[in-house]
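**Q** predicted model and sequence follow; I will ask about them next.
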Amino acid sequence: MKLTEMPGTDLTFKPLALGTAEFGSAVSEEESFRIIDRFVEAGGTWIDTARVYADWLPGGHGKSEHTVGRWLKKSGLRNQVLISTKGGHPRLETMHVSRLSETEIRSDAEESLRSLGVDTIDMYWLHRDDESIPVMDVLGPLGRLVEEGKIRYFGCSNWRPYRIREAAEAAAAHGVQAFSASQIQWSLADINEGSIEDTTTAELDKEAYELHKQTGLSLFAFTPQAKGFFQKLNAGGPDTLKDTVRKIFYNEINLGRMNRVAELAGQLKVSVSSIVLSYLISQPFTVIPVVGTSSFSQIEETLESLEVRLTPSQVKYLERG
């Protein structure tokens, strides 16, 4: 299939990123390696991690990055994949205290370089925002990391639309590199209001959608399968949903969308997962689902989505409330 291009960069890739939040911790290193091997064998090129992944476990700090780094060393395929990681995340015990000073951004990036065992990071994300900090105070440090060759491009994760616009305007005014992409929670599933406990995360809303549509800014969608909501509902009904999944996604809108997902899956003879992911990939701007798989058996359905494209009318059909 034709490779996706990221506007404003020289990056080309298949429109699917492999999320690795549990690699090396909940997912063993051996299983993690099997999943990455299959992803790359199928033509996947984008591997996404973060400095904070597994910090919620005793002794878990850096587990994901270290696992990806060991895979890179073992496989010898660094030049065939794109690596992105995220820094600037608050300490988990003090989520209200931001970590976006130049010292903290640089420290996180350099620690990620060591953990991954690479000379440069293809895309470096700021994992959270602090809206009290002027945007040039974060663009400056990121630009200097680019100048030093430690990162190639940078993006923002969980930033609100007005801040992304501010950053783009400031970058243009000062003649510096701007954000190349945004990473935000988005899937076909409508989210129940107030159900997301971590208020430092952001979900795609109408304003954010219009921002990406108008500017062409690439979007990396995390939780793109709504924690398996549609797959589990289709396979076993509401009783198979975990309480957290039910709390966030169980509503009449999504039940209606489930019916249409199943209908299209039957018509196109593909899996429910393929329809859910293709909904994102088939948008009128570059969207890359960041898919976190916890077992080798899950990767095949995910990869099938690379061969499925929906028409604009099918996308609209799925979106109906």
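**A** Thanks, I have it.

**Q** show me which residues of stretch 291-304 are buried.
**A** V291, G292, T293, F296, Q298, I299, E301, T302, L303, E304 (16 or more other C-beta atoms under 10 Å). No exception for glycine: its C-beta is placed from N, CA and C like everyone else's.

**Q** could you do stretch 19-30 as well?
**A** In stretch 19-30, counting by 16+ other C-beta under 10 Å, buried: G19, T20, A21, E22, F23, G24, S25, V27.

**Q** quick one: which two of the buried residues of stretch 291-304 are the most distant?
**A** Pairwise distances across the buried residues of stretch 291-304 (C-beta to C-beta) peak at 16.7 Å, for the pair G292 and E304.

**Q** isn't there a strand covering R152?
**A** Yes: under DSSP: H, G, I helix; E, B strand; the rest coil, R152 falls within a strand.

**Q** now it: how far from D243?
**A** In this structure, R152 and D243 are 41 Å apart, going by C-beta to C-beta, to the nearest Å.

**Q** which other residues reach the lowest-mean-pLDDT helix or strand in the chain?
**A** Least confident element among the helices and strands of the chain, by mean pLDDT, DSSP states H and E: helix 296-304 (a mean of 87). Here helix 296-304 makes contact (C-beta atoms under 8 Å, 6 or more residues apart in numbering) with 16, 31, 34-35, 38-39, 42, 44, 231, 270-271, 273-274, 277, 291, 293.

**Q** change it to 7 Å
**A** 31, 34-35, 38-39, 42, 270-271, 273-274, 277, 291, 293 (C-beta atoms under 7 Å, 6 or more residues apart in numbering).

**Q** try stretch 129-137
**A** For stretch 129-137, contacts defined as C-beta under 7 Å, 6+ apart pick out S98, L100, C156, N158, W159, R163, E166, A167, A170, H174.

**Q** could you do stretch 312-321 as well?
**A** L188, I253, G256, R257, R260, V261, L264, Y279, S282.

**Q** got it, and stretch 26-38?
**A** Residues contacting stretch 26-38 (C-beta under 7 Å, 6+ apart): L18, F23, G24, I47, T67, R70, W71, T293, S294, S295, F296, I299.

**Q** show me where the stretch 1-150 of the chain has its helices.
**A** In the stretch 1-150 of the chain, the segments counted as helices under DSSP state H, counting those that start in this stretch are 29-41, 63-75, 102-116, 136-147.

**Q** need the winner for burial among the ones you listed.
**A** When the helices of the stretch 1-150 of the chain are scored by mean count of other C-beta atoms under 10 Å, the highest mean neighbour count falls to helix 63-75 (a mean of 21).

**Q** which helices and strands does that helix pack with?
**A** helix 29-41, helix 102-116 (3 or more C-beta pairs under 7 Å, 6 or more residues apart in numbering; DSSP states H and E).

**Q** and those as CSV, adding distance to G216 and mean pLDDT?
**A** Shown next, in CSV, are the helices and strands packed on helix 63-75 (distance: least, C-beta to C-beta, whole Å; pLDDT from 0 to 100):
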stretch, distance to G216, mean pLDDT
helix 29-41, 26, 96
helix 102-116, 26, 98
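
**Q** adding distance to D10, write those out as CSV.
**A** Output for those, formatted as CSV (distance: least, C-beta to C-beta, whole Å):
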stretch, distance to D10
helix 29-41, 20
helix 102-116, 21
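
**Q** closest one to F220 among those?
**A** The nearest among these, by C-beta to C-beta, is helix 29-41 at 15.7 Å.

**Q** end to end, how far does stretch 112-125 reach?
**A** By C-alpha to C-alpha, to the nearest Å, the extent of stretch 112-125 from end to end equals 12 Å.

**Q** likewise for stretch 235-248?
**A** 19 Å.

**Q** averaged pLDDT, that stretch. What do you get?
**A** Stretch 235-248 comes out with an average pLDDT of 94.

**Q** so how far is E148 from V176?
**A** The spacing between V176 and E148, counted by C-beta to C-beta, is 14 Å.

**Q** the two: who's more crowded?
**A** For V176 and E148, the more surrounded residue by other C-beta atoms under 10 Å is V176, and the numbers stand at 15 against 12.

**Q** list the contacts for the more buried one?
**A** So, once contact is read as C-beta under 7 Å, 6+ apart, V176 ends up touching L139, G143.

**Q** any stretches of the chain with poor pLDDT?
**A** Scanning the chain for pLDDT under 70 picks out the ranges 1.

**Q** thank you kindly, that will do.
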